[in-house]
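Q: build the 3D model from these lines:
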Amino acid sequence: IRSTSGRGDPAAAVLGTTGAPPRPGASRSTIPSSMAVKRSLFHLTPDESASPTKMVCWATRLPQPAKTGDEFVDDDMRIKRDAFVKVVNSLWRNPDVVLQTASWVDGRVSAMQNRGGDRFFDSIGQLRALSEAWVCSWLSHQFKIPTKCLEVACSSDPDSWRQILQYSLVASPTLRFPASCREKDVLQGVLLARSQTCGDRLSSWQPDRILTPGNLVDWTRLGVYAVGFTAAGQAGEILHRPSGDKAIVPEHVVISKKFVLAGNWGDYTASLSLKPTSYNIAQDFFKPGAGPHRVKLAAGVSQDIETLAKESEQRVRAARAEHDSSYTTPTKEFRGKEKAESRRKSMDKARRALTEKQNELESKRVVVFE
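A: The predicted structure is shown next:
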């Protein structure tokens, strides 16, 4: 970094300093060592070299996003800034991948432009292959689940977002979405309609009671099933929370508190296990038509999802057509009214400005005795 001030010595080229001499009596040793190192592109300070996880200072100096007042928009921008900081940090520490990264970004931007902007996913397939960032953004916006909460949960367990989606949709990770769901608005419609069919399960979640102390989703408290134990410590009944239905555990089936409740985000996959014994709760304890069987599992190519996709696509097309029609070329009469309104506003503005100026002049012309 070169000094362009034209005054001072080479100290002006030192990061975070100026060309001005130190104050009388001040010691140069008071200048922090991190600020007394000349920086060139991709140069690392001793501290940064010693700690590979430390963010380089140029990355942390990226400006903060402007506050909008919208909690979810602000959270989204914060996450994007955090990701941008990590990218800058990684590129600074690994200059060999800069050119490849630039080429990849150019390719992505070009692909987005060719497919009509950010309206579409690159591809659409199974639930488990959806974009984590997109799903978390949708969950946060639709069900008011704090973005930070989802971010922490996914850091502790990368499958957290899939588990929440499976729970909300009564779906298998192998659920395959139709090709029309490559359009994001269509997929949003499908997810919302399906979640409502399943009882809008996430709407009752309280933001401050989602995670365990270990930063995992608290499936014991929020999950599909709750096991009730007798005074003797044996499982007596199992509650299916979404429907309120209960199943009685037969007397000959002994389930103690040593058993573990696994996969409690899945109506059809949750189990009670103690090796070598395992019970599938939906299959082994609930009768047909009761509890989990009230809603059919969406897995593979689901006819229910196909139907919802067609309905969502129709709504999206209709909404877009209505939106486009509202921006057709105005008629002559409309343009005349628009111009007249614009002229009136301009005249009002000019009149107010003239009045303010006259009042200001009048105030300057008077004689003040105090």
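
Q: tell me the contacts of Asn89?
A: 55-56, 59 (C-beta atoms under 8 Å, 6 or more residues apart in numbering). (C-beta placed from N, C-alpha, C; glycine too.)

Q: with neighbour count added, can I get the residues you listed in TSV?
A: Formatted as TSV, the contacts of Asn89 follow (neighbours: other C-beta atoms under 10 Å):
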residue	neighbour count
Met55	16
Val56	21
Ala59	18
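
Q: quick one: which of these is nearest to Lys80?
A: For those, the residue nearest Lys80 by C-beta to C-beta is Ala59; the value is 14.1 Å.

Q: would you mind measuring from that closest one to Ala66?
A: 19 Å (C-beta to C-beta, to the nearest Å).

Q: next: Thr212.
A: Distance, Thr212 to Ala66, by C-beta to C-beta: 35 Å.

Q: same check, this time on Arg128
A: Relative to Ala66, and taking C-beta to C-beta, Arg128 is found at 36 Å.

Q: what about the strands in this protein?
A: 225-229, 235-240, 245-248, 260-262, 271-274, 277-280 (DSSP state E).

Q: and of those, who's closest to Glu360?
A: Once the strands of the chain are compared by C-beta to C-beta, strand 225-229 is nearest, at 73.1 Å.

Q: give me the helix or strand of the chain that scores worst on average pLDDT.
A: Sorting the helices and strands of the chain by mean pLDDT, DSSP states H and E puts helix 332-365 at the bottom, at a mean of 73.

Q: what residues are up against the nearest residue to Gly228 once chain neighbours are set aside?
A: Distances taken as C-beta to C-beta, 6 or more residues apart in numbering place Glu237 nearest to Gly228, at 4.6 Å, with adjacent residues excluded. Under the criterion of C-beta under 8 Å, 6+ apart, the neighbours of Glu237 are 227-228, 246-249.

Q: what's across from Glu237 in the sheet?
A: The partner list for Glu237 in beta bridges (DSSP bridges) reads Gly228, Ile248.

Q: what's the burial count for Gly289?
A: Applying other C-beta atoms under 10 Å, we find 8 residues neighbouring Gly289.

Q: relative to Ser131, how far out is the most centrally placed residue in the chain?
A: For the chain, the residue sitting closest to the mean C-alpha position, by C-alpha atoms, centre = their mean, is Ser137 at 3.1 Å. Remark: distance between Ser137 and Ser131 (C-beta to C-beta) = 9 Å.

Q: how near is Asp218 to Lys258?
A: Taking C-beta to C-beta, one finds Asp218 at 21 Å from Lys258.

Q: and the two? Which one has more around it.
A: Higher neighbour count among Asp218 and Lys258: Asp218, with 16 against 7, using other C-beta under 10 Å.
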